[in-house]
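1. here are the coordinates; sequence isn't available:
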């Protein structure tokens, strides 16, 4: 969704109308779990939020593609075109 599309060096999705970004309808629901235990790693005992839930998502998708096709994708975004290109290169 968040990939840049180039044709002969010219970006094709230059506006927000062309550049697809995920909406609430495109992503799965997230369950919130409040942990009221301080952390020594952050200032004032605070914990980080936001990025940690996103880390395993792309790895899980890459592993699913690998399980289905036998091809290991190591670039983002993992579009159908990237998967097809990797299958042809195999």
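-> Looks like it arrived, so ask away. What you see is a predicted model, and the numbers here were worked out from it, not measured in a lab.

2. residues in contact with residue 72?
-> Applying Cβ atoms under 8 Å, 6 or more residues apart in numbering to residue 72 gives the contacts 62, 66, 86. (Glycine included, C-beta is placed from N, CA and C.)

3. Let's have those in JSON lines, adding pLDDT.
-> JSON lines is the format used below for the contacts of residue 72 (pLDDT from 0 to 100):
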{"residue": "62", "pLDDT": "92"}
{"residue": "66", "pLDDT": "96"}
{"residue": "86", "pLDDT": "94"}
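
4. Who wins on neighbours among these?
-> The most crowded member of the contacts of residue 72, judged by other Cβ atoms under 10 Å, is residue 86 (19 neighbours).

5. List the contacts of that one.
-> Residues in contact with residue 86 (Cβ under 8 Å, 6+ apart) are 69, 71-73.

6. following the longest helix belonging to the chain, which helix or strand shows up next?
-> Longest helix in the chain, counting residues (DSSP state H): helix 55-69. As assigned by DSSP states H and E, the chain's next helix or strand after helix 55-69 is helix 80-89.

7. just how off-centre is that next one within its chain?
-> 18 Å (Cα atoms, centre = their mean, to the nearest Å).

8. buried sites along that helix?
-> Buried residues in helix 80-89, counted by 16 or more other Cβ atoms under 10 Å: 82, 86.

9. Give me the angle between that helix and helix 55-69.
-> With axes from the mean of the first three to the mean of the last three Cα atoms, to 10 degrees as the basis, helix 80-89 and helix 55-69 are set at 50 degrees to each other.

10. can you pull the contacts of the spatially most central residue of the chain?
-> Most central in the chain under Cα atoms, centre = their mean is residue 58, positioned 4.8 Å from the mean C-alpha point. By Cβ under 8 Å, 6+ apart, residue 58 lies in contact with 76, 78.

11. how much space between it and residue 69?
-> According to Cβ to Cβ, to the nearest Å, residue 58 stands 16 Å off from residue 69.
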